[in-house]
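# how does the following fold in three dimensions:
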Amino acid sequence: MWIIYALLAAVFFGARGIMYQWTSQKNVNRNLMLFGVFFVGFVISAVLMKIFNQQWYG
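Residues are numbered from 1 along each chain as shown. A predicted model of the protein is given here:
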């Protein structure tokens, strides 16, 4: 499961980098875009955790 997380992180951060470069000439709040990347990653992780019944160990 962790390798899937690592691959998805690479894809999302690559897409963020591309969008960061694309929006560098436009009037877009890039901090908000970075927050969006982290938030979407959190939501996807939480949904997959519930779907695959992953356990949290503390």
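# tell me the centre residue of this structure?
Using C-alpha atoms, centre = their mean, the residue of the chain that lies closest to the mean C-alpha position is residue 41, 3.4 Å off.
# distance of it relative to residue 49?
From residue 41 across to residue 49, the span is 12 Å (C-beta to C-beta, to the nearest Å). Yep, even glycine has a C-beta here, placed from its N, CA and C like the rest.
# ok, now residue 42?
Residue 42 is 10 Å from residue 49, by C-beta to C-beta.
# any stretches of the protein with poor pLDDT?
Nowhere does the chain drop to pLDDT under 70.
# rewinding a little: looks like the residue nearest to the centre of the chain contacts residue 8 (just checking).
Yes - using C-beta atoms under 8 Å, residue 41 is in contact with residue 8, at 7.4 Å.
# of residue 42 and residue 49, give the one with the bigger neighbour count.
Per other C-beta atoms under 10 Å, whichever of residue 42 and residue 49 has more neighbours is residue 49, with 13 against 10.
# tell me which element that one falls in.
helix 30-51 (DSSP states H and E).
# ok, the nearest residue to residue 9 once chain neighbours are set aside to residue 6 distance?
Nearest non-adjacent residue to residue 9, counting by C-beta to C-beta, 6 or more residues apart in numbering: residue 41, 7.0 Å away. Distance of residue 41 to residue 6, given as C-beta to C-beta: 12 Å.
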